[in-house]
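Asker: Below: sequence and its predicted model.
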Amino acid sequence: MLHRILALVHKEFLALLKDPKSRMVLIVPPLIQLLVFGYAATFDLRQAPYAVYNEDRGSASRELLARFAGAANFRLEATIHSDAELAPRVDAREVLLAIHIPQRFSADLEAGRPAPLQVIIDGRNSNTATVALNYVRGIVDRYNDDWRAAHGGQAPPARLEIRAWFNPNLESRWFFIPGIVGMLTLIVTMLVTALTVAREREQGTFDQLLVTPLRPVEILIGKTVPGLVVGVIQATVILLVATLWFKVPFLGSLAAFYAGLALFLLSGVGAGLLISSLSATQQQGLLGAFLFMVPAVILSGFATPIANMPPAVQLVTYADPLRYFLIILRKTFLEGAGFALVFDQLWPMAVIGTIALLLAGWLFRHRMY
Amino acid sequence: MPDDAVLSADRLSKSFQAGGRIVLALKEITLSVRPGSVTGLIGPDGAGKTTFMRLAAGLLVPDAGSISALGLDSTRDALAVQAALGYMPQRFGLYEDLTVQENLDLYADLQGVPPAARADRYAELMHMTGLAPFTRRLAGRLSGGMKQKLGLACTLVRAPRLLLLDEPTVGVDPVSRRELWAIVDRLVQREGMSVLLSTAYLDEAERCAEVILLHDGKVLDHGPPGRIADRVRGRTWAVTQPGMRHRDLQAQLDGRPGIVDALVQGEHVRLVTAEAALPQAVAARPGIVAREVPPRFEDGFIDLLSHGRGRHGETHVAEGAAQAAGDGRPVIRVAGAKRRFGDFWAVDGVDFEIRRGEIFGLLGANGAGKTTTFRMLCGLLPASAGHLEVAGLDLRRAASQARARIGYMSQKFSLYGNLSVAQNLEFFASAYGLAGAAQRERIAWALDEFELAASGDQLSGDLPLGYKQRLAMACALMHRPEILFLDEPTSGVDPLARREFWQRINALAREGVTVLVTTHFMEEAEYCDRLAIMAAGRILATDEPAAIKAQARSAEHPEPSMEDAFIRLIEASPVQERA
Amino acid sequence: MSAQRGGSAMRLSGLLRKEFLQIVRDPSSIAIAFLMPIFLLILFGYGVSLDADHVPVAVVAEAPSRDSADFIAELQGSHYFVPQVMTSMPAAEHALLKGDVRGIVRLRADFSRQMRAAAGAPIQVIVDGVDANTARLVEGYVQGAWSTWLGAKAAAQGQALQTPIDLQARIWFNSELKSRNYLVPGLVAIIMTLIGALLTALVMAREWERGTMEALMVTPASMTEVLLGKLAAYFTLGTGGMLLTVGLAVWLFEVPLRGSFWLLWLCSSLFLLAALGMGLTISTLARSQFVAGQVAIIATFLPAFLLSGFIFDIDSMPAVVRGITHVVVARYFVAIVHTLFLAGNVWSVILPNAAALAVMAAVFLGITWRKSRKRLD
């Protein structure tokens, strides 16, 4: 029995890797995508263009503007001289925000009156707008504190001391790159598994397999192992790139990471094989892969937190293996978690994987035309 | 070159890139096709038939030489040629999700048939093809034969002066085959059309006015089929030896010096000899009865080709296979087997028994239920009702043990196309539980026996069809099965490969392997010990070939062929609904 | 041969009818064009949100007092937070590690006393930085709650709060900063990329595999006519899907459409041409459904999702990656829909992006046209 399974595994690997083109499909796109997406996926603002409309001649406004000019998040795009110039620049997306300093700004400050500072932000991308607003507020708050310190103003009765754990500089890349590891692993698993059974059915070799003494369990194992092996290698390479190239810290236990990876691959392979054995043609397999993959990525909490979703949608996410794996990834990468902290995420993937694989195996023999 | 030729090629060459090597498909071919008749393009697989047709239709650009159709250069004036001739590719592109009428409308639009002229043309075509009752049916729901007829009708929406048909009868049952030929004959006689038709069925060559014999990209011969048959006049014989089964006699004679071809035909063995007299090896046999018979096209064809291609000698396929032959006990028993798909009974109560060492044939038109019966016996499909037993094992209970004892070769020669020949063999050997020395020994045997050693590291997907068939058979025999299931094992394979194949099957049967085979080739049915003829999910007759033919004997047909007998049986059956 | 034969118009109408019949007969194209958009839009529309609401935070009041209760009440009053009041820091840290809360607000035991001191009382805020974006939002929300609380306190004591600079921020186009308003129009672009590619990625490959291509090639129909027939049919189908998604965006998700509907229609048509062209190119070059399928998986969804500006701002990407985004068709359309939906007919945004779409469409269709000659080799 072991011998037969090994032969099957051997054959699957040959079918997968023999053709240089299919080797490329498994290796090159995921690496390129990791690099490109690793840089693309960020909510941090860098060099956001802004315009300044300064009607004030005082030194206070110059000092404030110097602080904006010195911030890495912003880049001065234009200095304008009338209200009419402002709107077109925001409309045309030339600038993300416009800072308007009114005439009496310095005078008000010196006089101890609240000096109004107008900031106009393009809200088309609400998230960018929120982030930009926070940066602006940070600069203004620091200016206020310094002003108060220098001019003996009265401090407020309470002040905030904010610290971010696990990611002190709040680099969103640290958040997204572990997510990309999970996403790419899922896609490669789908590429390897979602079309295999359908292709064998179309070519007639699946019948040939079924008339041998191989039992469905053996076929199932034979088809699962390549997905697992390719997935583990792939994920290891991506892990190395993430830590060595992108310098995302990996603080947790490798054992916990690989346990999570193995179970995630099991559920991914299960889903892929289930789709594949349900479909009679490769076209259906492709459609099925999309219909699984797209929601799996969207609902995993990769880009937008699950907590923000309505309760009904949150329920659906419990069926998404990527959801659990992403939590494990982030916990092991950034929070330094060991087994104990990720255990809650391990068993649901085992359950999903087992159910999907059992169903797929059952369908091998029971789905005929 | 005759001036009135509808199609002429002048030193035409074409090569392809296949797996890093360059394959010369056509080598400096010069020929011309006469108008107003049917010209057959005959040759084994890979002879270059399809390439020639595509060049004629302007779909390929020749490497050298020229080809012109209806006076237009096919390469330079491709669009004009395509507008003028009709071409039906091997797999005609019917849109299966469109109805018969919609397919016709599409091609009428594409061919620019004026709307006013359509009604008459449609009526004529529908009458000719017998598709009139089915105009609203989806093309995908038609039987194989009807699809081919619809393909032909679509090609003919605007009557072309020259019609190119690429293997129009492959995979079509005998009844539909006759109907297709009736249409072609009518086109030539009534409309004066010129037809170039390629085929692998040699009996069809005899219906052509002229044939062009293509082999290895070269024209071997060109002329009336009678002339090609005449090559071997005086060298064809019908031989019998009392007390010896014709199959065993054939096996003993085939490949002997002086014998070009030996095959079972009816009750005797048909011989083609190298000389005008019987060779010593035959004449010296005790009690041998030999009678000279008129030559057929096929005899001449084999004779021509055998010069260019070495024939395989003795076969030892079943070396050590299975157990001792024929104890007369049935190894396959089917009683009242039924299978339903939705509300349609694909197999509706089938009974038969097959004895050890028997070659049992299942014949039937497309959709008769052969393949379903087959799949049930292989354990690929559970029966809806009835009892199926293979090697003494009930398929309901012990399907996996039963599977270990059968070999199965499917219609499509299902192999892993992106694995090499040796890798395919290794995989199937392991799948059947062979390991270590036993596996190596068996693979060595297969490579040697099926002459695959030279192509051991080639991808099986790149093999010519005949090689694929041999490899598929080797894979099915890895574990020395006692029962062999063959589903249309020779469809699309050229006559030479077919002969080798049957040699092997005979050798296997002699050693006690039970063989169940489905086929479309009527002459092949004669190789079987017994036949079951199926239609609409039922068995119409089960008997020895001679007895089945005897049933069809009548005044007009004193000596009916198997095809005649088959067609008579089908037509007489009450359940004739072949759509 | 018949005396007169129909021309190009007849052939085109025949091909068009064929494509439509095939679409009607094949439920999967209809499903891709109409059910997929609804499914995806509803899933994404509800599932994708960057607005953190009701964020669970632990509030540790080490020594409950009137002042701390006052501050906690401020947090409780905000719909951004669901405060869980705890008394010990270790319990809160554990909750943070387990992921039960996103942040900790700690009021030390001497909170009340410090408040009266000159330096003021420190309020320690710890956010879970793993999800940097949410962390930043939580920071912002806490700051907001804190300054409201300060203002209220000052007002209660009858004095104005001393803030040297009074920041007056105005968010244009999306004053409530609802992320749905920008995500849903972007989704229209993502969904249409997927659908355009899925509809056409397999059609040419299918004709090759089924042998229908050879039969078409020997008719007088030219390759341009065959391609036009396909394009027109799937364009119509895609427009249907597009109208559906735009309709859902406006009626179901109540995203304001401030620009002209007809301009949106026009730009959508350009985009659809480019998306269909991309699918046709994949299909024509691959000739096999398996390869075309794999390419479609890799080349459509993730690039459109991550590199189009749909969710991640293109301006924040490094220059090299920004360069790569220029080959992503969806990026131009995302820019157009964001502007058309939220800002209006801003020609300076629409014209260059529409021109880029036209160029992309021309490139893809050109490649397809060049590569589909009436030859088999």
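Answerer: Arrived safely. What you are looking at is a predicted structure, and each value in this text was computed from that prediction instead of being measured. Numbering: from 1, shown residues only, chains lettered A, B, ... in the order given.
Asker: residues in the stretch 1-150 of chain B within reach of chain C, list them.
Answerer: Residues of the stretch 1-150 of chain B lying close to chain C by Cβ under 8 Å from any Cβ of the partner chain are B:16, B:54, B:57-61, B:78-79, B:82-98, B:102, B:105-115, B:117, B:138. For every residue, glycine as well, the C-beta is placed using N, CA and C.
Asker: What's the PyMOL syntax to select whichever of those residues are buried?
Answerer: Burial among the residues of the stretch 1-150 of chain B next to chain C is assessed by 16 or more other Cβ atoms under 10 Å in any protein chain shown; the matching PyMOL selection reads:
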select buried, chain B and resi 54+57+58+59+60+78+82+83+84+85+86+87+88+89+90+91+92+93+94+95+96+97+98+102+105+106+107+108+109+110+111+112+113+117+138
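Asker: and the residues of the stretch 1-150 of chain B next to chain C, which of them are in helices?
Answerer: B:54, B:78-79, B:82-84, B:102, B:105-111, B:115, B:117 (DSSP state H).
Asker: so which pair among these is furthest apart in space?
Answerer: B:54 and B:115 (31.4 Å; Cβ to Cβ).
Asker: which residues does whatever residue of chain A ends up closest to chain B contact?
Answerer: Residue nearest to chain B within chain A (Cβ to the nearest Cβ): residue A:7, separated by 3.0 Å. Residues near residue A:7 by Cβ atoms under 8 Å, 6 or more residues apart in numbering or on different chains: B:426-427, B:429-431.
Asker: Residue B:263: which of those is nearest?
Answerer: residue B:429 (32.1 Å).
Asker: any idea how far residue B:476 is from the closest one?
Answerer: Noted for residue B:429: a distance of 11 Å to residue B:476, by Cβ to Cβ, to the nearest Å.
Asker: residue ranges with poor pLDDT in chain C?
Answerer: Scanning chain C for pLDDT under 70 picks out C:1-6, C:158-162, C:374-377.
Asker: can you give me the strands in it?
Answerer: Using DSSP state E, the strands of chain C run over C:55-61, C:81-86, C:103-107, C:121-128, C:165-172.
Asker: now swap in the stretch 251-369 of chain A and tell me
Answerer: Using DSSP state E, counting those that start in this stretch, no strands are assigned anywhere in the stretch 251-369 of chain A.
Asker: next one: the stretch 1-150 of chain B
Answerer: B:7-18, B:21-33, B:38-42, B:64-69, B:72-73, B:86-88.
Asker: which helices and strands does the third one pack with?
Answerer: The helices and strands touching strand B:38-42, judged by 3 or more Cβ pairs under 8 Å, 6 or more residues apart in numbering or on different chains; DSSP states H and E, are helix B:49-56, helix B:174-191, strand B:194-199, helix B:202-205, strand B:210-215.
Asker: Same question for the fourth one.
Answerer: Based on contacts counted as 3+ Cβ pairs under 8 Å, 6+ apart, the elements that strand B:64-69 packs against are strand B:7-18, strand B:21-33, helix B:49-56.
Asker: what's across from residue B:197 in the sheet?
Answerer: residue B:40, residue B:165 (DSSP bridges).
Asker: Might one say that it is in contact with residue B:208?
Answerer: Yes. Between residue B:197 and residue B:208 there is a contact at 7.1 Å, judged by Cβ atoms under 8 Å.
Asker: Mind listing the shared neighbours of the two?
Answerer: With Cβ under 8 Å, 6+ apart as the test, residue B:197 and residue B:208 both reach B:38-40.
Asker: I'd like the strands of the stretch 1-150 of chain B written out as TSV, with mean pLDDT added.
Answerer: Below are the strands of the stretch 1-150 of chain B laid out as TSV (pLDDT from 0 to 100):
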stretch	mean pLDDT
strand B:7-18	86
strand B:21-33	85
strand B:38-42	91
strand B:64-69	90
strand B:72-73	88
strand B:86-88	89
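Asker: now those strands in a markdown table, with distance to residue A:274?
Answerer: What follows is the strands of the stretch 1-150 of chain B, written out as a markdown table (distance: least, Cβ to Cβ, whole Å):
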| stretch | distance to residue A:274 |
| --- | --- |
| strand B:7-18 | 37 |
| strand B:21-33 | 41 |
| strand B:38-42 | 48 |
| strand B:64-69 | 52 |
| strand B:72-73 | 55 |
| strand B:86-88 | 41 |
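Asker: Residue C:190: which of these is closest?
Answerer: Of the strands of the stretch 1-150 of chain B, the one closest to residue C:190 (Cβ to Cβ) turns out to be strand B:7-18, at 40.3 Å.
Asker: who does the closest one pair up with?
Answerer: strand B:21-33 (antiparallel), strand B:64-69 (antiparallel).
Asker: tell me which residues in the longest one are buried?
Answerer: Same thing as strand B:21-33. Going by 16+ other Cβ under 10 Å, strand B:21-33 has these buried residues: B:25-27, B:29, B:31-33.
Asker: what's that strand in contact with?
Answerer: B:1-2, B:5-17, B:39, B:48, B:51-52, B:55, B:62, B:64-65, B:162, B:194, B:196, B:210, B:212, B:214, B:216-219, B:222.
Asker: ditto for the last one
Answerer: Outside strand B:64-69, the residues within contact range by Cβ under 8 Å, 6+ apart are B:6-13, B:28-30, B:55-57, B:73-75, B:81, B:84-85, B:162.
Asker: Could you look up the SS state of whichever residue of the stretch 351-500 of chain B sits closest to chain C?
Answerer: Chain C sits closest to residue B:418 of the stretch 351-500 of chain B, with a gap of 11.0 Å, by Cβ to the nearest Cβ. At residue B:418 the chain is in coil, as set by DSSP: H, G, I helix; E, B strand; the rest coil.
Asker: Just put the strands paired with strand B:7-18 in JSON lines and tack on distance to residue B:244.
Answerer: Listed next are these as JSON lines, based on distance: least, Cβ to Cβ, whole Å:
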{"stretch": "strand B:21-33", "distance to residue B:244": "44"}
{"stretch": "strand B:64-69", "distance to residue B:244": "52"}
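Asker: need the residues of the stretch 101-250 of chain A near chain B, please.
Answerer: Counting by Cβ under 8 Å from any Cβ, the stretch 101-250 of chain A sits next to chain B at A:203-205, A:207-215.
Asker: Residue 83 - how many residues pack around it?
Answerer: Unless you meant another one, I'm taking chain A. Neighbours of residue A:83 under the rule other Cβ atoms under 10 Å in any protein chain shown: 10.
Asker: hmm, I had chain C in mind actually
Answerer: 18.
Asker: give me the beta-bridge partners of it?
Answerer: When bridges are called by DSSP bridges, residue C:83 pairs up with residue C:57.
Asker: Against residue A:337, how distant is the spatially most central residue of chain B?
Answerer: The residue lying closest to the centre of chain B (Cα atoms, centre = their mean) is residue B:491, at 3.4 Å. According to Cβ to Cβ, residue B:491 and residue A:337 sit 61 Å apart.
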